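Participant: here are the coordinates; sequence isn't available:
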């Protein structure tokens, strides 16, 4: 009897050690957010089988049995792990929950046409992705479903009017029972809107292109407006041509008055002397032109009258000397006798 008790005392600790709890991992009630989870349990000396979600995954004796679960290949949710064995102490069971976020969407491409923006990306591999959100840094959001033909997802949205320059487009995937995925991004450059040039002191009007402004009529761009020529356009009559008579200016031309100066430079300040100088110069040129016309008309009117007067007066005949009397010879020797002696 004493021998039996001694043998039992030597064997029981070893049996009890082999019949320890299976130490299942992840533990009961755990929440896993890693992309891959390793399920493990310890088998006793009598052997055991690792069962995950009702399927036999590994068997062994006096060792730790493992099985890996890809969190992106299976749906998020609850998983059950069971360890079987001949000895009740080697048996165990645990339940944990997987809440793995989706991968960030890959292959994001953004194409802009005017204010229309089209975004394309690859469909996520997770079987329980519920949708996508598209956002633009310049403003604007859109939602997209998971109906992606040929594995390519598409979303369209309208850009705000203020969108210009470098713009970032992000796509986020939503998965049931987990946080949102990271953002897949794409960048594009939108054309900048032309800013209106501010009105300056050089006469540039609001909205005018830099360096340009209103130019008085008849002046070429980039040249300062000049006064009308004093008398260069009207040729003076020739001094030798007494019969040339130019038409006199009409009443409309004489009474027309000074021409209206061209529109002053748009946007000029009230204190700017340039419009006044242009106006005064134009008036002076107009007055000189009218004066030249008046002088020319007066000269032409008086010149024909003098010419007609010269033609009406007949020239005086030259005086004719008296003819000498003939010499009449006589009987005497008198050679010559004046008729009046």
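Facilitator: Thanks, I have it. Note that this is a predicted model, so its numbers are computed, not measured.

Participant: Which parts of the stretch 1-150 of the chain are strands?
Facilitator: Taking DSSP state E, counting those that start in this stretch to define them, one finds strands in the stretch 1-150 of the chain at 31-32, 36-42, 48-52, 55-60, 64-70, 77-85, 92-98, 109-113, 116-122, 129-136, 141-144.

Participant: who wins for proximity to residue 172 among the ones you listed?
Facilitator: Taking C-beta to C-beta as the criterion, residue 172 comes closest to strand 129-136 out of the strands of the stretch 1-150 of the chain, the separation being 4.8 Å. Where you see a C-beta, it was placed from the backbone N, CA and C, and this is true even at glycine.

Participant: still on that earlier bit, compare the strands of the stretch 1-150 of the chain and give me the one nearest residue 179.
Facilitator: For the strands of the stretch 1-150 of the chain, proximity to residue 179 was assessed by C-beta to C-beta; strand 31-32 is nearest, at 11.7 Å.

Participant: Run through who's touching the closest one.
Facilitator: Contact partners of strand 31-32, identified using C-beta atoms under 8 Å, 6 or more residues apart in numbering, comprise 26, 71, 96-100.

Participant: Let's see that with 10 Å instead.
Facilitator: With C-beta atoms under 10 Å, 6 or more residues apart in numbering as the contact definition, strand 31-32 has outside contacts at 26, 38-39, 69, 71, 76, 79, 96-100, 177.

Participant: can you check stretch 52-69 too?
Facilitator: Outside of stretch 52-69, the residues within contact range by C-beta under 10 Å, 6+ apart are 18, 22-23, 25, 32, 35-51, 74, 77-85, 90, 96, 98, 100.

Participant: Please spell out the PyMOL selection for the buried subset of the residues you listed.
Facilitator: Of the contacts of stretch 52-69, the buried ones go into a single PyMOL selection, burial set by 16 or more other C-beta atoms under 10 Å:
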select buried, resi 18+22+25+32+37+39+40+41+42+43+44+45+47+48+49+50+51+74+79+81+82+83+84+85+90+96+98+100
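
Participant: Taking the contacts of strand 31-32 together, which two end up most distant?
Facilitator: Maximum pairwise distance in the contacts of strand 31-32, criterion C-beta to C-beta, is 20.2 Å, between 38 and 177.

Participant: wouldn't residue 127 be in contact with residue 71 here?
Facilitator: No - the pair residue 127 and residue 71 does not pass the contact test of C-beta atoms under 10 Å, sitting 11.2 Å apart.

Participant: Name the SS class of residue 293, please.
Facilitator: helix (DSSP: H, G, I helix; E, B strand; the rest coil).

Participant: Now do it against residue 302, distance only.
Facilitator: Remark: distance between residue 293 and residue 302 (C-beta to C-beta, to the nearest Å) = 15 Å.

Participant: These two: which is more packed in?
Facilitator: It is residue 293, of residue 293 and residue 302, that has more neighbours when counted by other C-beta atoms under 10 Å, with 16 against 10.

Participant: still on that earlier bit, looking at the strands of the stretch 1-150 of the chain, spot the one closest to residue 288.
Facilitator: Of all the strands of the stretch 1-150 of the chain, the one in closest proximity to residue 288, counting by C-beta to C-beta, is strand 109-113 (61.5 Å).

Participant: quick one: residue 176 from residue 71, how far?
Facilitator: Look at residue 176 and residue 71: by C-beta to C-beta, they are 13 Å apart.

Participant: which of those two has more neighbours?
Facilitator: The residue with more neighbours, out of residue 176 and residue 71 and counting by other C-beta under 10 Å, is residue 71; that gives 20 against 13.

Participant: Please consider this matter closed, and thank you.
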